[in-house]
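Enquirer: With the input below, show me the fold.
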Amino acid sequence: MTVNGESGSTIQSVDRALTVLQLLARYGELGVTEIATKLKVHKSTAFRLVTTLESHDLVEQHTDRGKYRLGVGILQLAGATTAKLDLVQRAKPVSQRLAEIVGETVNITVLSGHEALYVDQVAGSAALQLHNWVGQRIPLHATSNGKVLLATVSGPRFDELTTGPLKRFTDKTVTSREALRAQVDEARRRGYAVAVDELEVGLTAIAAPICGADGTVVGSISASGPGFRITADRIPDVAAKVVAAGRDVSRRLGWHGH
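Expert: Numbers count the residues shown, from 1 in each chain. Got it, this is the predicted structure:
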């Protein structure tokens, strides 16, 4: 009974905290007493709620009148979402065109924690029984997208992202950090990464970086398909098209480099 009670209490607290954010979004600024009245809770409960939200920068206190308003943490959360949505929207026509040209599946990914996160996917004409990867995460060390994203980070960040054992998915998966670093260095030099049979036997993928307006890499674009279609002699041609697509998306995001 105690566990259930604690669970219910926790959910109620989360619900009240979210309601506080909605109230501040609606009214702009509110004092603790006003928040307590609108929530129909004791003033001490309202104070604990805003104090917790304040510790996460989700609300801030207006020093002149002691009232609370939404904090910069809200902007950071919204900004992260907006950036991903903007990337998807700007990349969509390019992804569709690339999928049409190469006939294979095109994916857009971003670095999320220690993995790559799929944020968009377009099926090519040759793709059959397509698995929808949007919203799913993939390992950095065993994928072309992951290697492109790893190629953009600093040495210490690379070590952090590849700490611990690298999981083996197939006989071709790179599980040595030294070998992975060499592949990532090569991807950085040539402007794209290739993964053949590394995540899944029979799957070949080629990825290139996408830059934001300031020139930093914000994501990657890839074309992937079965090895019998993306053969070794076809990889250079597909890679050139993927790299061109990455530059096109980058320009749409405001990048003016070469």
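Enquirer: Give me the spatial nearest neighbour of Asp185, chain neighbours excluded.
Expert: For Asp185, the nearest residue in space outside its immediate sequence neighbours is Ala151; the separation is 7.6 Å by Cβ to Cβ, 6 or more residues apart in numbering. (Glycine included, C-beta is placed from N, CA and C.)
Enquirer: Neighbours of the one you found, how many?
Expert: Other residues lying near Ala151 total 23 when counted by other Cβ atoms under 10 Å.
Enquirer: One more: the one 3 residues further on?
Expert: Taking other Cβ under 10 Å as the neighbour definition, Ser154 ends up with a count of 8.
Enquirer: how about it, phi and psi?
Expert: For Ser154, the backbone dihedrals (degrees, to the nearest 10) come out as phi -70, psi 170.
Enquirer: That one and Leu87: what is the separation?
Expert: Computed as Cβ to Cβ, to the nearest Å, the Ser154 to Leu87 distance reads 22 Å.
Enquirer: Pro165 now?
Expert: Using Cβ to Cβ, one obtains 31 Å as the distance from Pro165 to Leu87.
Enquirer: More neighbours: these two, which one.
Expert: Ranked by neighbour count (other Cβ under 10 Å), Pro165 and Leu87 place Leu87 first, with 23 against 8.
Enquirer: which ones are touching that one?
Expert: If you count contacts by Cβ atoms under 8 Å, 6 or more residues apart in numbering, Leu87 has them with 108, 110, 119, 210, 218-219, 249, 253.
Enquirer: If we use 7 Å, what do you get?
Expert: Under the criterion of Cβ atoms under 7 Å, 6 or more residues apart in numbering, the contact list for Leu87 reads 108, 119, 218-219.
Enquirer: do Leu21 as well
Expert: Counting by Cβ under 7 Å, 6+ apart, Leu21 touches 58, 70.
Enquirer: same question, Val148
Expert: The contact partners of Val148, taken as Cβ under 7 Å, 6+ apart, are 187, 193, 207-209, 220.
Enquirer: what's the distance between Asp86 and Lys92?
Expert: From Asp86 over to Lys92 the distance is 11 Å, taken as Cβ to Cβ.
Enquirer: Which pLDDT does the model give the residue nearest to the spatial centre of the chain?
Expert: The C-alpha lying nearest the average C-alpha coordinate of the chain belongs to Val110 (Cα atoms, centre = their mean; 3.9 Å). What the model reports as pLDDT for Val110 is 87.
Enquirer: Cool, thanks, signing off.
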